[in-house]
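Novice: Below is the sequence, then the predicted model.
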Amino acid sequence: MEFIAHPEIFARFPGIRIAIASAEGLDNATPRPQIEAAWREAWAAAATAAAPYGNAQSHPRIAPWRERFKAQGISGKEFPSSAEALLRRALKGGEPFTINPLVDWYNALSLRHFVPAGAFDLGQLAGPVELRLTTEGDTFFALDAPEAIPVPAGEVAYTDGHTVITRHFIWRQSRAGLISHETTHALLLSEILGEVGEAVANAMLSDFLTGLRDYFGVNGRGAIIDADHSTFVY
């Protein structure tokens, strides 16, 4: 199967790079104390590092998402990036929430680098996974909703056929492809704007592959998606 990023994405987000990695044979059910420790460390360190900026949206790696969304007529306040939402929670203090080892790990990487990070359970998706503009007939099934709803045409989204996996690019994930304790085959992604830079994209990819090996004992495959390299085989 292929991951495909369509040309219109790079037109809307010039210079964007996506660190992407896939892995099979994952055990996401066994507790992993090393990830728990890394997650706690990232939670506390991010809050300390971001505190001088006053709020999450003012951090220099997060503010560009607001600016890019604003230029497209999208409210950054109503549809904050996943990195902004995560940093907001860390800035409030208290104990970090926990979901499962894979989610806790990529959330730790998100806070370590102050960029979005996420993953899809490929065992639940037919593929290919595409990053494109939504079209008529696309639907989204929110985690807190009783049923799927139609999605307006023209939104940036990850999709599986006509199923929207994330709305507004990096805002909210669907039930489709949700990472669970039963996940064994996953696709990890981190979106890095041109303003943030190539070095951060390379660091995220390295952390994806290193973590898959050291924490989960699997050898992942990875790449950097950009305007010149817009597909990835998983």
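Specialist: In hand now; what should we look at?
Novice: Show me the shaky parts of this protein.
Specialist: Low-confidence segments of the chain (pLDDT under 70): none present.
Novice: can you pull out the strands in it?
Specialist: 2-5, 17-23, 118-121, 129-133, 139-140, 149-150, 156-160, 163-167, 172-173, 186-192, 221-225, 231-233 (DSSP state E).
Novice: Which among these is found nearest to Trp39?
Specialist: strand 118-121 (14.8 Å; Cβ to Cβ). (Each C-beta comes from the backbone N, C-alpha and C, glycine too.)
Novice: on that earlier part again, which one of the strands of the chain lies closest to Pro64?
Specialist: strand 186-192 (10.0 Å).
Novice: who does the closest one touch, helix- and strand-wise?
Specialist: Counting by 3 or more Cβ pairs under 8 Å, 6 or more residues apart in numbering; DSSP states H and E, the packing neighbours recorded for strand 186-192 are strand 17-23, helix 101-113, strand 118-121, helix 198-216.
Novice: For these, give me a markdown table that also has mean neighbour count and distance to Phe3.
Specialist: Shown next, in a markdown table, are the helices and strands packed on strand 186-192 (neighbours: other Cβ atoms under 10 Å; distance: least, Cβ to Cβ, whole Å):
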| stretch | mean neighbour count | distance to Phe3 |
| --- | --- | --- |
| strand 17-23 | 25 | 6 |
| helix 101-113 | 24 | 16 |
| strand 118-121 | 23 | 10 |
| helix 198-216 | 18 | 14 |
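Novice: how about these in a markdown table, adding distance to Trp65?
Specialist: Formatted as a markdown table, the helices and strands packed on strand 186-192 follow (distance: least, Cβ to Cβ, whole Å):
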| stretch | distance to Trp65 |
| --- | --- |
| strand 17-23 | 14 |
| helix 101-113 | 12 |
| strand 118-121 | 14 |
| helix 198-216 | 13 |
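Novice: among those, which is nearest Glu2?
Specialist: With Cβ to Cβ, the closest approach to Glu2 among the helices and strands packed on strand 186-192 belongs to strand 17-23: 10.9 Å.
Novice: Ala157 is nearest to which of the helices and strands packed on strand 186-192?
Specialist: For the helices and strands packed on strand 186-192, the distance to Ala157 is smallest for strand 118-121, at 12.4 Å, taking Cβ to Cβ.
Novice: Outside of the closest one itself, list whatever touches it.
Specialist: Strand 118-121 is contacted from outside by 82, 102-103, 106, 129, 158, 165-166, 170, 173, 177-180, 183, 185-190, using Cβ atoms under 8 Å, 6 or more residues apart in numbering.
Novice: Just checking: what are the partner strands of that strand?
Specialist: Strand pairing for strand 118-121, using DSSP bridges, gives strand 186-192 (antiparallel).
Novice: can you state the direction angle for the strand it pairs with and strand 163-167?
Specialist: Taking axes from the mean of the first three to the mean of the last three Cα atoms, to 10 degrees, one finds strand 186-192 and strand 163-167 inclined to each other by 40 degrees.
Novice: gap between strand 186-192 and the chain center?
Specialist: 5 Å (Cα atoms, centre = their mean, to the nearest Å).
Novice: cool, and stretch 39-53?
Specialist: That offset, for stretch 39-53, works out to 19 Å (Cα atoms, centre = their mean).
Novice: for stretch 144-154, same thing?
Specialist: Distance of stretch 144-154 from its chain centroid, counting by Cα atoms, centre = their mean, is 20 Å.
Novice: do you know how far the nearest residue to Ile225 once chain neighbours are set aside is from Thr183?
Specialist: Excluding the flanking residues, the one nearest Ile225 by Cβ to Cβ, 6 or more residues apart in numbering is Ile18, at 4.0 Å. Remark: distance between Ile18 and Thr183 (Cβ to Cβ, to the nearest Å) = 20 Å.
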